[in-house]
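Novice: With the sequence up front, the predicted model follows.
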Amino acid sequence: MGVVLQVFSVLELIHRPPAMASSRVFLLAIVAVVARLRTAMAAGQQADNILRPWPPPKCSTAENYTADSQYRKNLDELLAALPSAAGDNGWFYEGRAGDGADEVFGLIMCYADHNATACLDCLAGAPAGITAVCPGSRSVRAMYDACVLRYSDTPIPATADLGYLHYPVNAGTIVPGEPAAAASETARAAWMELMSELTGGVAGSPLRLANGSAPPYSGMAQCTRDLNASECSRCVSSYTERMGDMFPNNTGGGVIRGYSCYLRYQFRYGELAMATGNFSDKHKLGEGGFGSVYRGYIKEMDLHVAIKRVSKGSKQGRKEYASEVRIISLLRHRNLVQLIGWCHGGGELLLVYELMPNGSLDTHLYSSAQLLPWQLRHEIVLGLGSALLYLHQDWEQCVLHRDIKPSNVMLDASFTAKLGDFGLARLVDHGRRSHTTVVAGTMGYMDPDYMINGRAGTESDVYSFGVVLLEIACGRRPLVVSSRGEDDSRRPLVALARHGDEDGEEDVVLHIVQWVWEFYGRGAILDAADARLKGEFDAGEMETVMVVGLWCTQPDRSLRPSIRQAVNVLRREAPLPSLPATMPVPTFFSPHNVIYYTSSVATGGSSSTSTASTPTPDKNVV
């Protein structure tokens, strides 16, 4: 039933096509999509049954046990007992099972800043899945988002294991009107006070747990309860020292979690509420599907910020919050919006970003008050390409953004482009593709192949990047409406939909990729340039941006360039690609409409027919 319900949740969003549309083609498209979604969901459910640790666990390889061995029986007995025992013992338990050479020792602990639901899920999921993650291993150390699990064939030593995973949050050098060093000095004094309070408090606590605050920060330290006070203090002090080395670049928050202790600091809720006038409407910069963004000023750091307040009760919002903290906090690039810090307190989830004085790209592309000149547009194109190159190829893992669009491209005081909003992002190993049962993104920018098959890859991001390039060059949104009063040379030959009035005059609607491709096929691609620029642009740059945009948005993902290939052409370091004069015919699907294209092309001319429901642009789908 779970699979059926997930399919229906997608289908119930689909609008019926217009009466003139072909119901047979429409239904065939629906059947194909449902069949592929069912297959994807069935495959995904098997993988989802296993809770996987991060980073990869430490699994022993020597003298592995066998499936029918006594050690495996004892291990199963211990792992089955851990969840309830820890639940009855304040989220920590250390135990053993069996005796002699086959005795198994283990412990499990929840990180104390997670709620009871997350803790229970981890207590249940970690022991249930660890033998599949580390098959045959007699000794395992594994960290999860909400808990830590260890077991071994020898007693677990009561000494601190200093292995760790660090999540920094970077404030960079963005304090307006003040040198970064001065702001760091103020912040460091508060941070050092907090670390001293936590280190002493956790060692002296019978529960090996301490909370503290030093405006504008709050923090928490925790040790596994098998450690004595001295070892707990040694572990937290080691983490504090490592955080201190990184602090000049991490004034907004940080987390170090390990096998023996856990340390974090973040902004205090009260400080952020004060910074935004208690989240008053006059401080509100905008509102999205899962939260509102406010302008704020943190007095102790003399820092102007943008604070995203995640909507209460939004499950997707909580997922996006976790994704932002986990992913963007690790990234460092001049063309990415920096996450300064975060806070979950007062019943709120808050993300703190560097403030972007010039807002988002879309507000400038379509502003009637001020035209964005070509020189700035071209620099924005190169900056966005640089950001995506870093995410796909230059960082240690591949980051799939999955929601590249102008409203997520922010502009700083110098109009430098910075890609933001990593709520839908996914981390994958280089060369691998993410497979998801939930298609996520924004209509108009989503790769058609990904929409149908649920396979997100770098090609999906490249497609979205290509759409944005065309949008920047043409000054038109992804779905182009060509009015009857427009010059015939700019009207499309093939439309997604046609809308007429009682006089028989028609407006036509089509995707910007198809619209630009028609100009390209006629050898007049510059005619698709934003007419408001009145020809004030570098013709070579304009042609390059539009041709690369088409190259990135080819329906066949195997024909799209890598982001490095695209950036090389945009930088004029490689020649323009040669594309077919006629756009290959795609099949699109979205939760709001199904658009199925058919076409026949003859030598010396062309004729096309299309069947489509009227599309609805720029809607987030998750």
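Specialist: That came through fine.

Novice: Please parse this structure into its domains.
Specialist: The chain breaks down by automatic domain parsing into domains covering 58-152, 159-355, 361-621.

Novice: The residue lying closest to residue 317 once chain neighbours are set aside: how many residues sit nearby?
Specialist: Nearest residue to residue 317, sequence neighbours excluded (C-beta to C-beta, 6 or more residues apart in numbering): residue 290, at 3.6 Å. Every C-beta, even on glycine, is put in place using the N, C-alpha and C of the backbone. By other C-beta atoms under 10 Å, 21 other residues sit near residue 290.

Novice: my guess is residue 290 meets residue 316, correct?
Specialist: Yes: Residue 290 is within contact range of residue 316, at 5.8 Å (criterion: C-beta atoms under 8 Å).

Novice: Including distance to residue 50, could the domains of the chain go into a markdown table?
Specialist: Converted to a markdown table, the domains of the chain look like this (distance: least, C-beta to C-beta, whole Å):
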| stretch | distance to residue 50 |
| --- | --- |
| domain 58-152 | 4 |
| domain 159-355 | 19 |
| domain 361-621 | 15 |
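
Novice: Ok, which of those comes nearest residue 51?
Specialist: Nearest of those to residue 51, taken as C-beta to C-beta: domain 58-152 at 3.2 Å.

Novice: Check the secondary structure at residue 351 for me.
Specialist: Going by DSSP: H, G, I helix; E, B strand; the rest coil, the secondary structure assigned to residue 351 is strand.

Novice: Would you agree it is in contact with residue 310?
Specialist: Yes: contact criterion C-beta under 8 Å: residue 351 and residue 310 qualify, at 7.4 Å.

Novice: list residues touching both of these two?
Specialist: residue 321 (C-beta atoms under 8 Å, 6 or more residues apart in numbering).

Novice: need the helix or strand of the chain with the lowest average pLDDT.
Specialist: helix 2-11 (a mean of 26; mean pLDDT, DSSP states H and E).

Novice: Show the contacting residues for the residue nearest to residue 317.
Specialist: Counting by C-beta under 8 Å, 6+ apart, the residues that residue 290 touches are 310-311, 314, 316-317, 320, 423.

Novice: can you list those residues in CSV and add distance to residue 125?
Specialist: Shown next, in CSV, are those (distance: C-beta to C-beta, whole Å):
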residue, distance to residue 125
310, 24
311, 26
314, 23
316, 21
317, 22
320, 21
423, 23
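
Novice: Whichever of these end up buried, select them in PyMOL.
Specialist: To isolate the buried ones among these in PyMOL, judged by 16 or more other C-beta atoms under 10 Å, type:
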select buried, resi 310+316+317+320+423
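
Novice: Show only the entries of the contacts of residue 290 found in strands.
Specialist: residue 310 (DSSP state E).

Novice: so residue 74, which of the three states?
Specialist: At residue 74 the chain is in helix, as set by three-state DSSP.

Novice: now it: how far from residue 108?
Specialist: Distance, residue 74 to residue 108, using C-beta to C-beta, to the nearest Å: 16 Å.

Novice: Report all helices and strands that the host helix or strand of residue 96 contacts.
Specialist: Assessed by DSSP states H and E, residue 96 sits inside strand 92-97. On a contact count with 3 or more C-beta pairs under 8 Å, 6 or more residues apart in numbering; DSSP states H and E, strand 92-97 meets helix 70-87, strand 104-110.

Novice: Out of the ones you listed, which is the most enclosed?
Specialist: strand 104-110 (a mean of 24; mean count of other C-beta atoms under 10 Å).

Novice: gap between that one and the chain center?
Specialist: Centroid separation for strand 104-110 versus its chain: 32 Å, with C-alpha atoms, centre = their mean, to the nearest Å.
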